[in-house]
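Visitor: Sequence first, predicted coordinates after that:
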Amino acid sequence: MLDEITRRSFLSFLEGQIHINTRLSQVCHSFVETVRWVDSILVDTKLALVAIRRSRTQLAAVVS
């Protein structure tokens, strides 16, 4: 009887661990996707700033 209770408790514990690990994996995946999204925005912003600087340099050369 005690062995059956112990087995069921252990199986319940393992199921809980699997659920926690699955949820943690989903959260980590979402975090990685968010970081990639922010990184792409930063790259686009950097490219835009470089283009603006070049335009200013070219405009300054034309004006002077």
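Guide: Thanks, I have it. Residues are numbered from 1 along each chain as shown.
Visitor: so what does the helix or strand encompassing residue 39 touch, helix or strand wise?
Guide: Under the criterion of DSSP states H and E, residue 39 resides in helix 2-63. Applying 3 or more Cβ pairs under 8 Å, 6 or more residues apart in numbering; DSSP states H and E, we find helix 2-63 packed against no helix or strand. For glycine as for every other residue, the C-beta is placed from the backbone atoms N, C-alpha and C.
Visitor: and residue 57, what pLDDT?
Guide: Residue 57 carries a pLDDT score of 89 in this model.
Visitor: Give me the neighbour count for residue 61.
Guide: 8 (other Cβ atoms under 10 Å).
Visitor: Tell me the gap between stretch 14-22 and the middle of its chain.
Guide: For stretch 14-22, the separation from the chain centroid amounts to 22 Å (computed by Cα atoms, centre = their mean, to the nearest Å).
Visitor: For the most centrally placed residue in the chain, give its distance to residue 9.
Guide: The centroid of the chain falls nearest to residue 32 when counting by Cα atoms, centre = their mean (1.9 Å). Distance of residue 32 to residue 9, computed by Cβ to Cβ, to the nearest Å: 35 Å.
Visitor: can you check residue 44 too?
Guide: Counting by Cβ to Cβ, the gap from residue 44 to residue 9 is 53 Å.
Visitor: now swap in residue 59 and tell me
Guide: 74 Å.
Visitor: cool, and residue 23?
Guide: Relative to residue 9, and taking Cβ to Cβ, residue 23 is found at 21 Å.
Visitor: and if you look at residue 46?
Guide: 55 Å.
Visitor: cool, residue 48 as well?
Guide: When Cβ to Cβ is the yardstick, residue 48 and residue 9 sit 59 Å from each other.
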